[in-house]
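Trainee: I need the structure of the sequence given here:
(one chain, ligands or ions: 2)
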Amino acid sequence: MREGAFGNATALACRECGQQVALGPFYACPECFGPLEIAYDFPRITREEIEAGPRNIWRYKALLPVPTDIEQSPNMEPGFTRLLRADNLGRELGIATLWVKDDSTNPTNSFKDRVVACALSAARELGAKVFACPSTGNLANAVAAAGARAGIRTVVFIPSNLEQPKQVNSAVYTDSLVAVDGNYDDVNKLASEIAGEEDGWAFVNVNVRPYYAEGSKTLGYEIAEQLGWRLPDQIVIPVASGSQLTKVHKAFQELVRLGLVEDKPYKVFGAQAEGCSPVSVAYKAGVDAIRPVKPDTIAKSLAIGNPADGIYVLDICRQTGGAVEDVTDDQVRDAIVLLARTEGVFTETAGGTTVAVLRKLVETGQLDPELETVVINTGHGLKTLDAISDRVGPVATIAPSYAAFTDAGIV
Ligand SMILES: Cc1ncc(COP(=O)(O)O)c(C=O)c1O
Ligand SMILES: [Zn+2]
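Mentor: Residues are numbered from 1 along each chain as shown. Ligands and ions are numbered 1, 2, ... in the order given. Next up, the predicted model:
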């Protein structure tokens, strides 16, 4: 490993017992098997220094486990996506100040480009030969594209029942898309087995997970910076493994600790689909343990039945005064159309889940409509067209004549 391979990161630290191990391709604590996270020695950094950086996640490179010359290595340059003021949707839902963080405009159209960029850097610095992942779809797209650009072999594993556009969006970048007969949790287990057997394979969300996960912090940094270096009062985030939610919270905490934003209370809310809601079920039952489920929902990108970071999501949502909520597939479909027709943003089923949960949180009085609220759209609707193809389409099919147009009653 070269000097400075992981920037200001100093070690891997166990989230459970605090045990530290040297930076390397490790993800589980040797003492208690708890998840390892990156520990840093952050330098003093100013808002101006960050603002002078590139318009992508590398403007925050001092806060990520990447080398200072990260921009020199071929990568997808994700991030710095739009934070849209969503007054129309806000009016519809009765929320005074609402923002949509639209991460569907990343290079492969989901927030996964952020985490993959950090994982790619780690894989490169650790000398990996193969860049791989088990995926619910979006991650496979991001890994396959980033690997192609970086010139490293990619192998991506998905459940075989995945939406066809997500399969094509991987296979176009790699000759090694592997469809596994099983659900995501089966695919994940297989990936862990391969990672244990094969040398030189970097599974982004398995053996380089600590580095990968840090990429989601950039969503939190960007939201704060784009609000004018402020934290929102409330934020609604989709939950599959739960990694993204925990890292957005971590990002807010770090910004406070670094003096880049003022400390203030904020509430974190998690969003799941009813057909895969192990975290929301535990939240509502008031218990700490998460019971794994077999997913059955159109929100396939969120279909992780045994979420690795679920217990931390519970902790964060409870501690901050937020909640975890779930919605039906029909509510997801409605919310996709609602977001599109109010804000011109076409989200996939994960975003439909998040917007539907936002609506339910307001209706049930769990979210305060008077407080400033951010909702994250993590992926693009073109990848899950089937979800709404029964709901939207031509209002009429007419002959090419003015009479036919007026007869159709459109004016
Ligand atoms: C579009 C989209 N949103 C949200 C998530 C959830 O992310 P996490 O596993 O970090 O909870 C995923 C992936 O799993 C996803 O593909
Ligand atoms: Zn430990």
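Trainee: find the closest residue to ligand 1 in the stretch 1-150 of the chain.
Mentor: Ligand 1 sits closest to residue 138 of the stretch 1-150 of the chain, with a gap of 3.5 Å, by C-beta to the nearest ligand atom. Backbone N, C-alpha and C define where each C-beta goes, glycine included.
Trainee: check the burial of that residue by counting its neighbours.
Mentor: 28 (other C-beta atoms under 10 Å).
Trainee: any idea how far it is from residue 203?
Mentor: 16 Å (C-beta to C-beta, to the nearest Å).
Trainee: so who does residue 320 touch?
Mentor: 249, 265-268 (C-beta atoms under 8 Å, 6 or more residues apart in numbering).
Trainee: ok so, going back, in this structure the residue of the stretch 1-150 of the chain closest to ligand 1 contacts residue 165, no?
Mentor: No. With contacts counted by C-beta atoms under 8 Å, residue 138 stays clear of residue 165, the gap being 10.9 Å.
Trainee: list residues touching both of those two?
Mentor: With C-beta under 8 Å, 6+ apart as the test, residue 138 and residue 165 both reach residue 383.
Trainee: ramachandran angles for residue 374?
Mentor: phi -120, psi 140 (degrees, to the nearest 10).
Trainee: which other helices and strands contact the helix or strand that contains residue 90?
Mentor: Taking DSSP states H and E as the criterion, residue 90 maps to helix 87-93. Contact here means 3 or more C-beta pairs under 8 Å, 6 or more residues apart in numbering; DSSP states H and E; on that basis helix 87-93 packs against strand 98-102, helix 329-343, helix 349-363.
Trainee: run the last query once more with 7 Å
Mentor: Applying 3 or more C-beta pairs under 7 Å, 6 or more residues apart in numbering; DSSP states H and E, one finds that helix 87-93 contacts helix 329-343, helix 349-363.
Trainee: of those helices, flag the one that's most buried.
Mentor: Highest mean neighbour count of those: helix 349-363, a mean of 27 (counted as mean count of other C-beta atoms under 10 Å).
Trainee: point out the residues in the stretch 1-150 of the chain that sit beside ligand 2.
Mentor: Within the stretch 1-150 of the chain, the positions lying close to ligand 2 (C-beta under 5 Å from the ion) are 14, 16-17, 19, 29, 31-32, 34.
Trainee: again, only using 8 Å
Mentor: By C-beta under 8 Å from the ion, the residues of the stretch 1-150 of the chain that approach ligand 2 are 14-19, 29-34.
Trainee: which of those are buried? Put it as a ChimeraX command.
Mentor: Only the buried entries of those go into this ChimeraX selection, using 16 or more other C-beta atoms under 10 Å:
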select :14,15,29
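Trainee: can you put the residues of the stretch 1-150 of the chain next to ligand 2 in CSV and add distance to ligand 1 and pLDDT?
Mentor: As requested, these are exported to CSV (distance: C-beta to the nearest ligand atom, whole Å; pLDDT from 0 to 100):
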residue, distance to ligand 1, pLDDT
14, 20, 98
15, 15, 97
16, 19, 97
17, 23, 98
18, 23, 97
19, 24, 97
29, 20, 97
30, 25, 96
31, 25, 96
32, 23, 97
33, 20, 96
34, 18, 96
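Trainee: contacting residues for residue 258?
Mentor: 42, 45 (C-beta atoms under 7 Å, 6 or more residues apart in numbering).
Trainee: just the helices in the stretch 201-350 of the chain please.
Mentor: Secondary structure of the stretch 201-350 of the chain (DSSP state H, counting those that start in this stretch): helices at 209-214, 217-226, 243-257, 278-285, 310-320, 329-343, 349-363.
Trainee: extract the C-alpha set from the third one and format it as PDB.
Mentor: Backbone C-alpha positions of helix 243-257 (Å, rounded to 0.1, in the frame of the first residue of the first chain) are rendered in PDB as follows:
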ATOM      1  CA  SER A 243     -26.000   2.100   5.000                       C
ATOM      2  CA  GLN A 244     -27.000   5.300   3.300                       C
ATOM      3  CA  LEU A 245     -29.200   6.500   6.200                       C
ATOM      4  CA  THR A 246     -26.500   5.900   8.700                       C
ATOM      5  CA  LYS A 247     -23.900   7.700   6.600                       C
ATOM      6  CA  VAL A 248     -26.000  10.800   6.000                       C
ATOM      7  CA  HIS A 249     -26.400  11.100   9.700                       C
ATOM      8  CA  LYS A 250     -22.600  10.500  10.200                       C
ATOM      9  CA  ALA A 251     -22.000  13.300   7.600                       C
ATOM     10  CA  PHE A 252     -24.100  15.800   9.500                       C
ATOM     11  CA  GLN A 253     -22.300  14.900  12.800                       C
ATOM     12  CA  GLU A 254     -18.900  15.400  11.100                       C
ATOM     13  CA  LEU A 255     -19.900  18.800   9.700                       C
ATOM     14  CA  VAL A 256     -20.900  19.900  13.200                       C
ATOM     15  CA  ARG A 257     -17.700  18.500  14.700                       C
END
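Trainee: wait, does it contact ligand 1?
Mentor: Yes. For helix 243-257, a contact with ligand 1 is found by C-beta under 6 Å from any ligand atom, at 243-244.
Trainee: and that helix, what other elements does it pack with?
Mentor: The criterion is 3+ C-beta pairs under 7 Å, 6+ apart, and the helices and strands that helix 243-257 contacts are helix 209-214, helix 217-226, strand 234-238, strand 267-273, helix 310-320.
Trainee: residue 356 against residue 329, yeah?
Mentor: No. Residue 356 lies out of contact with residue 329 (C-beta atoms under 7 Å); the separation is 9.6 Å.
Trainee: got the confidence number for residue 392?
Mentor: Per-residue pLDDT puts residue 392 at 97.
Trainee: what's the answer for residue 1, then?
Mentor: 83.
Trainee: also residue 181?
Mentor: 97.
Trainee: now residue 411
Mentor: pLDDT, residue 411: 82.
Trainee: what's stretch 102-111 in contact with?
Mentor: Residues contacting stretch 102-111 (C-beta under 7 Å, 6+ apart): 76, 78, 81-82, 84, 113, 138, 141-142, 145, 169, 219, 244, 345, 347, 376-380, 383.
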